[in-house]
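Novice: Have a look at this prediction, sequence included:
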Amino acid sequence: MTQTVEIAGAGIGGLATGLAFARKGWRVRVHEQDERLRVLGAGIYIFENGLRVLEALGVLQTVVADAIPAWRHEKRDHDGSVFAQSCLGPRFRLYVPPREALLTALYDGLIAAGGEVVFGSRAVGADTGDNALLLADGSRIRADLVVGADGINSPVRDSLNLLRWRRPVGQFGYRAMIARRPGELKSEIGRSHCENWNGSRRLLYAPCTEDLTYVQLTSLKGDDAANRVPIDRDYWSSLFPHLDWVIERIPDGGRADWFELIRLKSWAKGRVALVGDAASAQPPFLGQGGGCAMMSAYTLADAIERAGEISDGLADWQRRQRRFTEWVQRVAYWYGQLALLPPAARTKVFRTIDGTAWLKSATLLVAARRDATIVKTWGDDIGMDGSFVYPLVH
């Protein structure tokens, strides 16, 4: 008999989960409370881990068809001078496609694989007694497996009392896409991924396609001028005068968020699992929110298939995947905390990391490999050996 999975949320985690199970022959239905895909006007970082999951799901080429592969990541002072840089290459790939390209590819792949997405269907919880997804209209839909991929404010998670803690990180971000102008790709600054710093404030410039660039402004709690929405362009231009050509193009309709960190008591209860921000929300400073969501989605389906039984598969999935994802959350948090350092001290930290190969290995690769089952057992199928984390601190 065909097994069934009901999924709450048609974001990255929900669609990736649906596609992973559909490709394994499950009957998949995804419930999305909005009337269409929640396509936000921003880019999304996809490192080696996410790229290999997309390849295993059969949608990689569609996602990156128009995206520009990253070749270098720089850190610059407010005057434009470079104080740290790293080159990226075939071993450490990075693309920043528009979020729309990723969501559309996952959605189209899911539909082509026989899955279903129901729009205007809002999940309000789950019941482990009869393994049902609970909807706002009063429906109870039973399934072999229920997945909550319904975001940081997950009703599915909260209905099962799985939240251990939820902490603000005291940092604010404004994210948007801007248009490129002819010739900018030919310039050095127009091709590089660049993290610009002035005190605790950052402006990230990340090329997406020939026509679009992803921009993220971040600042600390209490920095009222920098946290203002719509953004104060004169203020940001005074911080980064060499980037006034970027700032003047930033639209008013970008996404504004106060970043948070989530930790759960468990990623699963009964035959209900949690994926993506519902389980592992993190500040975006490593660009690994989407990658972690896709890894969790892929490995969830894989674990259950390998175990041959849902409960055993859930336990094995959580044992292997959770430690690694929570480690990435911690690295993202502490990377963000560098904004609290005096500029001279922060620059010294970045230069030390950037210029010392053994330190990168000690802080990243060794930590990732300390539980070999995390990166070995799952990684065999999609080519991961743990080294994809190397470029996360650029």
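Specialist: On my side now, so go ahead.

Novice: how far away is the residue nearest to Leu103 when sequence neighbours are not counted from Tyr107?
Specialist: Closest residue to Leu103 apart from its sequence neighbours, by CB to CB, 6 or more residues apart in numbering: Leu37 at 5.2 Å. (Each C-beta comes from the backbone N, C-alpha and C, glycine too.) Leu37 is 6 Å from Tyr107, where distance means CB to CB, to the nearest Å.

Novice: More neighbours: which of the two?
Specialist: Set Leu37 next to Tyr107 and count neighbours by other CB atoms under 10 Å: Tyr107 wins out with 21 against 18.

Novice: Tell me, how many residues neighbour Ala112?
Specialist: Ala112 - counted by other CB under 10 Å - has 12 other residues nearby.

Novice: For Leu19, which residues are in contact?
Specialist: The contact partners of Leu19, taken as CB atoms under 8 Å, 6 or more residues apart in numbering, are 28, 57, 59, 106, 109-110, 113, 115, 297.

Novice: Sitting in strands, which of those do you find?
Specialist: Val28 (DSSP state E).

Novice: Let's have the contacts of Leu19 in a markdown table, adding distance to Asp232, pLDDT and neighbour count.
Specialist: A markdown table is the format used below for these (distance: CB to CB, whole Å; pLDDT from 0 to 100; neighbours: other CB atoms under 10 Å):
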| residue | distance to Asp232 | pLDDT | neighbour count |
| --- | --- | --- | --- |
| Val28 | 45 | 98 | 29 |
| Leu57 | 41 | 98 | 25 |
| Val59 | 39 | 98 | 24 |
| Leu106 | 36 | 98 | 29 |
| Gly109 | 41 | 98 | 22 |
| Leu110 | 41 | 98 | 28 |
| Ala113 | 46 | 98 | 19 |
| Gly115 | 44 | 98 | 22 |
| Ala297 | 39 | 98 | 29 |
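
Novice: Which of the contacts of Leu19 fall in helices?
Specialist: Applying DSSP state H to these, the entries found in helices are 57, 106, 109-110, 297.

Novice: For the residues you listed, give me CSV that also has distance to Ile310.
Specialist: CSV is the format used below for the ones in helices among the contacts of Leu19 (distance: CB to CB, whole Å):
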residue, distance to Ile310
Leu57, 21
Leu106, 23
Gly109, 23
Leu110, 20
Ala297, 16
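
Novice: Mind picking the one among the residues you listed that's closest to Val82?
Specialist: The closest of the ones in helices among the contacts of Leu19 to Val82 turns out to be Leu106 (CB to CB; 36.0 Å).

Novice: which SS state does Ala75 fall under?
Specialist: Not quite, residue 75 is Lys, not Ala. Here Lys75 is recorded as strand under DSSP: H, G, I helix; E, B strand; the rest coil.

Novice: For beta bridges, what are the partners of it?
Specialist: When bridges are called by DSSP bridges, Lys75 pairs up with Ala84, Glu195.

Novice: ok, now which ones touch the residue lying closest to Arg29 once chain neighbours are set aside?
Specialist: Spatial nearest neighbour of Arg29, chain neighbours left out: Glu116 (4.7 Å); criterion: CB to CB, 6+ apart. Contact analysis of Glu116 by CB under 8 Å, 6+ apart lists 28-30.
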